[in-house]
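Novice: Kindly return the folded structure for what I paste below:
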Amino acid sequence: MKRVGVLVGSLRKESFSRKVAKTLMALAPADFQLEEVEIGDLAMFNQDFDDEGRTPAEWTAFREGLKKFDAFLFVTPEYNRSVPAVLKNALDIGSRPYGKNVWDGKPGAVVSVTPGGLGAFGSNHHLRQTLMFLNVPAMPQPEAYIANAANLFGEGGTLTDGGTREFLQKFMESFVVWVGKNAK
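Specialist: Numbers count the residues shown, from 1 in each chain. Next up is the predicted model:
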């Protein structure tokens, strides 16, 4: 059984990124347990908290919780051609204190989502740059840019677009292979 932490870069409960994440979770094989990781309650990163022994309890719980995962799936919207602050904050908290990077060596994949036409290309590649530094081997192919997300879902957040469902199924199959080759 492989455990995969799913980090959604949008806090909005009806976000398109969350809907895509839930679809991917449903498409995962039985031997992959995907679990969404809450990032919205994390205080903004400040190195002084760790340095002065004032580490927020939610940071400690977050860091400890991430250790149980074999891999990570990042599903993010694009804010101003980059990743949302909440997702970058979670990455920073998980990478500190220095030498205790909980992301280190665990494989990952990135899916970017937007109601626009470019598929959130900017956030996808910006996130990959950060993951490279954190030593998260990010799946190179297939790249996942989910555009026009406002037209893909029906009642209750169900994905209604068959082509997107087929793509996400193939993406998940590739991710399973990627994790199998790269998990510690």
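Novice: Give me the residue at the spatial middle of this structure.
Specialist: By C-alpha atoms, centre = their mean, the chain has its centre lying nearest to Phe74, at 1.4 Å.
Novice: Report the secondary structure state of that residue.
Specialist: Put simply, Phe74 is strand when judged by DSSP: H, G, I helix; E, B strand; the rest coil.
Novice: isn't it right up against Val110?
Specialist: Yes: at 5.0 Å, Phe74 counts as touching Val110 under the criterion of C-beta atoms under 8 Å. Every residue, glycine included, has its C-beta placed from N, CA and C.
Novice: can you pull out the strands in this protein?
Specialist: Secondary structure of the chain (DSSP state E): strands located at 2-8, 32-36, 71-76, 108-113, 144-146.
Novice: Which elements pack onto the fourth one?
Specialist: Spelled out, it's strand 108-113. Where contact means 3 or more C-beta pairs under 8 Å, 6 or more residues apart in numbering; DSSP states H and E, strand 108-113 is packed against helix 16-27, strand 71-76, helix 121-133, strand 144-146, helix 162-182.
Novice: and of these, who's closest to Asp48?
Specialist: helix 121-133 (21.8 Å; C-beta to C-beta).
Novice: Common neighbours of Phe74 and Val110, please.
Specialist: 127, 131 (C-beta atoms under 8 Å, 6 or more residues apart in numbering).
Novice: Quick check: Ala90 touching Leu7?
Specialist: Yes: in this structure Ala90 lies within contact range of Leu7 using C-beta under 8 Å: 6.2 Å.
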